[in-house]
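Undergrad: Have a look at this fold, sequence not included:
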């Protein structure tokens, strides 16, 4: 083979290698809520934990970007040469086996990505398949005499349905499971130690809030009692406003238990200003620059006043985009009315519909319920006065009423 051909083959091979390398995506590139500031604070804390097993609850608000935050945080930690992974607890494959699904994630995703031998992973999976039920595991790890008595009582109750031989076989399985559990933890500790190399492993758990109560408690117990291995740090997102996690713990374990029964620390992800987020969404709406800014300003005011979630904001902006598709005029006479009615239609449909057949009742409700909210905010008086002009301008009930041109225009735009 001539030298020139050899060089060309080497060059081609280099190009192939370059092509298969995955592109590195920088963290927080699309951060429209300044969440990066929170991750910087949280990083300072988690890196002082010193490799001890820790469960941290990340408490945010429903529909306010917890998933985005966790995924970007994982990217950031990886870019800092830390070991981090994202896991969604809402896995249809989990069903009644939350631990099995999570361990599969560890084996197939996290461990495999760090070149743990397949034989080691398979050994762990084999042990995992022989383990007893999750509730039993929790009691075994606790090594509590009362817990063991509870298992025996459960077995005795089953004697009413099964013969004594079946119960004895269950107790034999229990003893074997206890041995398997110890072996499993020993093997898992070895793998974790090999991967972390003096660092911690950060596992972000998402979507636990949308799981069934028993699943939630089983998952938390499995982490607390089976996976309490040095170097593992779990960060679990929960909703502060609509948390199924809090309710599940109390429903399954009793009123004296709460999330602090499992979590060692708690981080808070507070709501952020939405203007930057909203402006990004409005880029797809075709209006003049000046007119678009007027619509955005009023939209942000009403969205913040009525505490719309990010998901609801996206929904409203998308609907506005559809409403304006057939709007060809350059002028929009009442941008604030458009924003208010579109949001009202989404959050209080009954009041919005009343504007058509019972205008006086609807307008009175708006004044009684919404006016105080608007006036309590900065620039609220000015915004309310502009809105009130249009609310007083016409009754939506009659086609022949003296409705203002602006009100008629907005009514034609909305659907």
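TA: Arrived safely. Worth saying up front: this structure is predicted, and the values here are computed from it rather than measured.

Undergrad: Please look at residue 415 and residue 324 and confirm they touch.
TA: No. At 11.0 Å, residue 415 does not count as touching residue 324 under the criterion of Cβ atoms under 8 Å. Where C-beta positions appear, they are placed from N, C-alpha and C, glycine not excepted.

Undergrad: So the two - more neighbours on which side?
TA: Counting neighbours by other Cβ atoms under 10 Å for residue 415 and for residue 324 shows that residue 324 has the greater number, 16 against 9.

Undergrad: Now do stretch 44-58: distance from first to last residue.
TA: Across stretch 44-58, the straight-line distance between its terminal residues is 15 Å, by Cα to Cα, to the nearest Å.

Undergrad: Let me know the average pLDDT across it.
TA: Per-region confidence: stretch 44-58 scores 91 on mean pLDDT.

Undergrad: Tell me which residues are up against it.
TA: 66, 69-70, 196, 198-200, 202, 223-224, 227-238, 259, 262-267, 269 (Cβ atoms under 8 Å, 6 or more residues apart in numbering).

Undergrad: and what of stretch 260-276?
TA: Contacts of stretch 260-276 (Cβ under 8 Å, 6+ apart): 32-35, 38, 42, 45, 54-61, 64, 66, 69, 220-221, 223-224, 235-236, 240, 249, 253, 259, 296, 300, 303-304, 310, 313.

Undergrad: With stretch 318-334 instead?
TA: Where contact means Cβ under 8 Å, 6+ apart, the residues beyond stretch 318-334 that reach it are 284-288, 291, 294-295, 299, 338, 342, 346, 390, 405-407, 409-410, 413-415.

Undergrad: Buried residues, that stretch. List them.
TA: For stretch 318-334, the buried set under the neighbour-count rule, 16 or more other Cβ atoms under 10 Å, comprises 319-320, 323-324, 332, 334.

Undergrad: Please produce CSV containing these, extended by pLDDT and distance to residue 27.
TA: What follows is the buried residues of stretch 318-334, written out as CSV (pLDDT from 0 to 100; distance: Cβ to Cβ, whole Å):
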residue, pLDDT, distance to residue 27
319, 93, 31
320, 93, 31
323, 88, 36
324, 87, 34
332, 79, 38
334, 86, 41
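
Undergrad: how close does residue 272 get to residue 69?
TA: Distance check for residue 272 against residue 69: by Cβ to Cβ, to the nearest Å, it reads 11 Å.

Undergrad: ok, the two, which is more surrounded?
TA: Ranked by neighbour count (other Cβ under 10 Å), residue 272 and residue 69 place residue 69 first, with 24 against 18.

Undergrad: Now the more buried one: closest residue in space that isn't a chain neighbour?
TA: The shortest distance from residue 69 to any non-neighbouring residue, by Cβ to Cβ, 6 or more residues apart in numbering, is to residue 35 (5.0 Å).

Undergrad: List the contacts of the one you found.
TA: If you count contacts by Cβ under 8 Å, 6+ apart, then residue 35 has 28, 65, 68-69, 72, 269, 272 around it.

Undergrad: Let me see the backbone angles for residue 237.
TA: phi -80, psi 140 (degrees, to the nearest 10).

Undergrad: which residues does it contact?
TA: By Cβ under 8 Å, 6+ apart, the contact list for residue 237 reads 57-60, 66-67, 69-70, 204-209.
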